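# the following comprises the amino acid sequence and a computationally predicted model.
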Amino acid sequence: MRSIFTTGAAALAAATILSGSAFAESHAALSGDLVIFSDMSNPAPRAVMEGMVERFGEMHPDLNIELTIIDREAYKTQIRNFLQANPPDVANWYAGNRMLPYVEAGLFTDISDLWEEGGLTETLASTQASMTIGDGIYGVPYTYYQWGVYYREDIFEELGLEAPETWDEEIANCQAIIDSGRFCYTIGTKFLWTAGGWFDYLNMRTNGYDFHMALTNGEIPWTDDRVRATFANWQQLIDMGAFLENHQTYSWQEALPFMVNGEAAAYLMGNFAVAPMREAGLTDDQIGFYQFPQIDPSIEMAEDAPTDTFHIPSGANNVEAARAFLLFVTSAENQTLINGGDGLGQLPVNSQSSVDDDEFLNAGFEMLSQNSPGGIAQFFDRDAPAEMAQVAMQGFQTFMVDPSSLDSVLDRLEQARQRFY
Amino acid sequence: MFPTPIAKTSRTWQLTYQTLLPVAMVLWLLPLLAVMWFSIKPGADFTTGNYWGRPSSFEGFANYFLVFTGSDMPRYLWNSVMITVPTVAGAVALSCMTGFALGVYRFKGNLLIFFMFVAGNFVPFQILMVPVRDLTLDMGLYDTRIGLVLFHIAFQTGFCTLFMRNFIRALPRELIEAARVEGVSEWRIFWYVVLPLMRPAIAALAVLIFTFIWNDYFWAVVLTQSPESQPVTAGITSFNAQYRAMYHLMSAGSIVAAIPPVAMFFAMQKHFIAGLTLGAVK
């Protein structure tokens, strides 16, 4: 721990010297109070946050850091209030459209100069787009994780299948799996968001990242033919019987046993699904990972990778210290440390960080840093406003249960779009 | 006598009773039994879909051990103690005094004040959620044990006062009057005459309030949020991590959290039942 900390400090110091004397001067003299509001309230993230504050405090003994950790759910409503009434110097939030209302209201500071000075435009290139709104960059990420298809490698081998790269291969694979008496995909839509993941991927592969962002941003009617094309692809899978039956009665965890027991061959899910699969006795030889296959070759691949972030509210008092803290959080060393297996167990955002020696983290890191030219989406319920996401994901579930309801679902979504944006 | 004792009924009725009773009991205890069953299973059983079958391995000791060593559970339990005990002491002490004042003295507004204590019980506490949270936040008591204790004392005192006042009313007034004739000061009357007579009521109330406060979930969630201050009922949710629920640990944790009030009940059964029926018949 100590040695990592010192190398981290040294590297950060070196980086700041490189990035110009003006910044180095201010950096050296950090003092006063640094107020941080954080939503990292679950045990492991909480320990990570407290660890970061401790290490940053050791680097700047004259700085008095006040860390307030707020329950992750409660934070979502409190942030509206405290950004205006009682702004901290640093606050947690999410990337993408989720920060749009605060950016538009002028509550987050544009820190694109910090990105330039600190060299973040290179080291954090993979997430830069999701932190950018208009011409400004409004925060820094500190962790993210990939989504993709986790599949039973042994079942694929048994059936002589390869991980699909195109939609045709996907359909052919799925037919073979169904013929063997299994479901292609397990899914539990009881809490709706899992269906949102499917929509994200189908829409980003059918219409591309920019269209998907415009749609979740309320700029495109849900009754648009391009949206219908997405649903047509989805219906192709549903009509084949690709998805687990009665999926509306399971949570995502309750849908796991079907894959573990070999009744379903794959799961479109975030990387957090790997831990319970391993616990249930699947070995890394049995679990495989592939990027969601291409549907339209003319469209660049884009991925879902929910990103958690730090921002400097525009009402911050100690901006110098806040900027230094953001640089510290995103430094390669700190990123390696906090995203390791005994920390968050996710992907570091800094491309110079090392990833834990884990098959799936490595696959995800590679996919997101090299094979996602279209962009990185945040996930449906983060990209769309909360009210819209709720109605829309309900609609996805209805559609998955009964595809003939498509027209009424799209009408309902369109009405919701006109009401909520 | 109603109901007729089972021993005096017909044989068929006795047999029906004897078979139905265990069935009803099992049905009643089913959720609790399920939690107990889950608490001895390994976490992997929930991912392989083995919910009700034999545990693939017996993990009872491991789970309970992990609850105590691998989580903040001991801290949560300690918080529960540090919240419940002061609340019981505070609410009982206050209500002894208010009960004495309202039960013994006749003054203008006595009934009005008493009704206000009673009326407080009829306020659904959910509607107090937002103002109380804001109040504790402004007072700097949000997410502290003392904040939760103060609120519980304030809220429980209403019920306790009702209980104590009625109990004191039922005491023979002659005792107090005799003491007054002897020239004993009012404070000493309270301390040496009334308080000793209130012992059964105090014991009953303490047991009752202990279980109320220990089992409180609502205010624990509203007013606290960190392991430094959350009691065990709210702390159990920490097994429900950001992405997934640890059913086996949550079950083991729930059992552990339920032990103190259950133990309290069996140890103080006599007082508990006295507490529920005190004043029911004169």
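It's in.

# next up, phi/psi of residue 154, please.
Unless you meant another one, I'm taking chain A. The phi/psi pair for A:Asp154 (degrees, to the nearest 10) reads phi -70, psi -40.

# what about it, neighbour count?
Look at A:Asp154: counted by other Cβ atoms under 10 Å in any protein chain shown, it has 16 neighbours. Every C-beta, even on glycine, is put in place using the N, C-alpha and C of the backbone.

# just B:Gly70 next, same as before
Counted with other Cβ under 10 Å, the neighbours of B:Gly70 add up to 11.

# pop out the phi and psi values for it.
Dihedral pair for B:Gly70: phi -100, psi 10, per degrees, to the nearest 10.

# name the residues of the stretch 251-400 of chain A found near chain B, please.
The stretch 251-400 of chain A comes close to chain B at residues A:253, A:256-258, A:260-261, A:270, A:272, A:275-277, A:279-281, as judged by Cβ under 8 Å from any Cβ of the partner chain.

# for those, which one is nearest chain B?
Distance to chain B, by Cβ to the nearest Cβ, is smallest for A:Pro257 among these, at 2.8 Å.

# would you mind pulling the contact partners of the helix or strand hosting that closest one?
A:Pro257 is located in helix A:256-260, with elements delineated by DSSP states H and E. With Cβ atoms under 8 Å, 6 or more residues apart in numbering or on different chains as the test, helix A:256-260 has contacts from A:150, A:152, A:183, A:186, A:244, A:264-267, A:273, A:276-277, A:280-282, B:46-50.

# how about 6 Å then?
Helix A:256-260 is contacted from outside by A:186, A:244, A:264, A:267, A:276, A:280, B:47-49, using Cβ atoms under 6 Å, 6 or more residues apart in numbering or on different chains.

# read off the pLDDT value for A:Glu387.
A:Glu387 is assigned a predicted lDDT (pLDDT) of 87.

# er, B:Tyr243 I mean
Model confidence at B:Tyr243, given as pLDDT, is 75.

# how about the nearest residue to it, chain neighbours excluded?
Distance criterion Cβ to Cβ, 6 or more residues apart in numbering or on different chains; nearest residue to B:Tyr243, sequence neighbours excluded, is A:Phe272 at 4.0 Å.

# give me the phi and psi for B:Gly109.
Dihedral angles for B:Gly109 - degrees, to the nearest 10 - are phi 90, psi 0.

# that one and chain A: what is the separation?
Going from B:Gly109 to chain A by Cβ to the nearest Cβ, to the nearest Å gives 40 Å.

# from B:Ser80, how far off is that residue?
Separation of B:Gly109 from B:Ser80 (Cβ to Cβ, to the nearest Å): 38 Å.

# and what of A:Asn350?
A:Asn350 sits at a distance of 42 Å from B:Ser80 (criterion: Cβ to Cβ).

# one step back: only whichever of the residues of the stretch 251-400 of chain A next to chain B are buried, select them in PyMOL.
Selection of the buried residues among these in PyMOL, burial being defined by 16 or more other Cβ atoms under 10 Å in any protein chain shown:
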select buried, chain A and resi 253+256+257+258+260+270+276+277+279+280
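
# so what's the residue count around B:Val132?
Using other Cβ under 10 Å, B:Val132 has 18 other residues around it.

# please tell me how far it sits from chain A.
Distance from B:Val132 to chain A, by Cβ to the nearest Cβ: 15 Å.

# give me the pLDDT value at the residue lying closest to that residue once chain neighbours are set aside.
What sits nearest to B:Val132 in space, not counting adjacent residues and going by Cβ to Cβ, 6+ apart, is B:Phe151, at 6.2 Å. In this model, B:Phe151 is scored at 94, pLDDT.

# repeat for A:Ala28
57.

# can you check A:Phe5 too?
Per-residue confidence (pLDDT) for A:Phe5: 45.

# got it, and the one 4 residues further on?
A:Ala9 is assigned a pLDDT of 46 by the prediction.

# thinking again about what came up before, gap between the residue nearest to B:Tyr243 and A:Trp147?
From A:Phe272 to A:Trp147 the distance is 10 Å (Cβ to Cβ).

# ok, now B:Ser238?
For B:Ser238, the distance to A:Trp147 equals 26 Å [Cβ to Cβ].

# between the two, which is the more surrounded one?
A:Trp147 (24 against 21).

# beta partners of the more buried one?
A:Gly270 (DSSP bridges).

# please tell me I have it right and it contacts A:Asn271.
No: contact criterion Cβ atoms under 6 Å: A:Trp147 and A:Asn271 do not qualify, at 7.6 Å.

# phi and psi next, for whichever residue of the stretch 1-150 of chain B sits closest to chain A.
For the stretch 1-150 of chain B, the residue closest to chain A is B:Gly49, as judged by Cβ to the nearest Cβ, at 2.8 Å. For B:Gly49, the backbone dihedrals are phi 90, psi 10 (criterion: degrees, to the nearest 10).
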